[in-house]
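K.L.:
no sequence on this one, just coordinates:
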Ligand SMILES: Cc1ncc(COP(=O)(O)O)c(C=O)c1O
């Protein structure tokens, strides 16, 4: 395990050791997480964007020359799909066949509200091709800046050297404190407790969307994490709505912000709603303000 300054440093270190500038093709989910894209762009990668559907990344659309494929299989960011078992198998098969690696970004899967989770890609991997990236940003808090990479053995030396070159090591006091917190069972208790808190917030949000916004927003089914997305009719001007909402202290995000090709025509549009730092009353108030602004 390589301890990193959040998932973001994990992406940066992986880009440093895996990307050959201007040659390496990296396949990224679209829509996806812009800071991940930024890390690979900074390393000089050739970025290929690949669409997602309700089963996660559409593996057959990954270009054959891709040497790195980045995915959020437990909870696609931002749309929310769980990558299906056949897609997981297809992605691992792709990696093995093409000598590619997979970066599995498991950023918020501690908060799962439905079924038992599917096995992580790394658990299923038989060819040492998966890098598993975890973070404590969602299970605890982002300012902690602690995450980790579980890498295949062949990459350990390079990864250790990259971490050493970047910043030596993560603050030991924070690492020791977190290790004790986990060891004494507090993290597991915290996650169990917060799962109920987040489930209640999520229900408030979902009920409100279904009750008051059904005429123009369709929530995307998903059962994990700290945010929810909803799709909207393409004719609506969501960018203006987001801007007006922001002026009324309602923080919603247009899905376009997560699109690597926002000018593309015929793209779905929608909104992302986060509930990690807003209680049920806040959510209800936000939705009521939004309703007054909405079309
Ligand atoms: C898709 C995705 N990956 C990773 C992260 C975590 O980033 P970090 O650990 O750098 O805070 C986030 C946080 O919002 C995220 O949405």
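P.N.:
Perfect, thanks for sending it. These figures come from a predicted structure and were not determined experimentally. Numbers count the residues shown, from 1 in each chain.

K.L.:
mind listing the strands for the chain?
P.N.:
Assigned by DSSP state E, the chain shows strands spanning 2-4, 25-30, 46-53, 56-57, 66-71, 101-106, 130-135, 147-150, 217-219, 227-232, 253-254, 269-274.

K.L.:
looking at those, which is closest to the ligand?
P.N.:
strand 130-135 (3.3 Å; CB to the nearest ligand atom). Backbone N, C-alpha and C define where each C-beta goes, glycine included.

K.L.:
Direction included, what does the closest one pair up with?
P.N.:
Using DSSP bridges, the strands paired with strand 130-135 in its sheet are strand 101-106 (parallel), strand 147-150 (antiparallel).

K.L.:
interface residues of the chain facing the ligand?
P.N.:
Proximity of the chain to the ligand, by CB under 6 Å from any ligand atom, involves residues 6, 7, 8, 33, 72, 77, 105, 107, 135, 137, 142, 147.

K.L.:
Among those, which pair sits farthest apart?
P.N.:
72 and 142 (16.6 Å; CB to CB).

K.L.:
re earlier: possible to save the strands of the chain as CSV with distance to residue 115?
P.N.:
What follows is those, written out as CSV (distance: least, CB to CB, whole Å):
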stretch, distance to residue 115
strand 2-4, 30
strand 25-30, 22
strand 46-53, 19
strand 56-57, 15
strand 66-71, 19
strand 101-106, 16
strand 130-135, 21
strand 147-150, 24
strand 217-219, 18
strand 227-232, 17
strand 253-254, 27
strand 269-274, 22
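
K.L.:
okay if I get those as a markdown table plus distance to residue 171 and mean neighbour count?
P.N.:
What follows is the strands of the chain, written out as a markdown table (distance: least, CB to CB, whole Å; neighbours: other CB atoms under 10 Å):
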| stretch | distance to residue 171 | mean neighbour count |
| --- | --- | --- |
| strand 2-4 | 10 | 23 |
| strand 25-30 | 30 | 24 |
| strand 46-53 | 32 | 17 |
| strand 56-57 | 34 | 26 |
| strand 66-71 | 27 | 24 |
| strand 101-106 | 23 | 24 |
| strand 130-135 | 15 | 25 |
| strand 147-150 | 13 | 20 |
| strand 217-219 | 39 | 18 |
| strand 227-232 | 28 | 20 |
| strand 253-254 | 30 | 19 |
| strand 269-274 | 27 | 22 |
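
K.L.:
Tabulate those strands in a markdown table, adding columns for mean pLDDT.
P.N.:
Listed next are these as a markdown table, based on pLDDT from 0 to 100:
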| stretch | mean pLDDT |
| --- | --- |
| strand 2-4 | 98 |
| strand 25-30 | 98 |
| strand 46-53 | 96 |
| strand 56-57 | 97 |
| strand 66-71 | 98 |
| strand 101-106 | 98 |
| strand 130-135 | 98 |
| strand 147-150 | 98 |
| strand 217-219 | 95 |
| strand 227-232 | 95 |
| strand 253-254 | 96 |
| strand 269-274 | 96 |
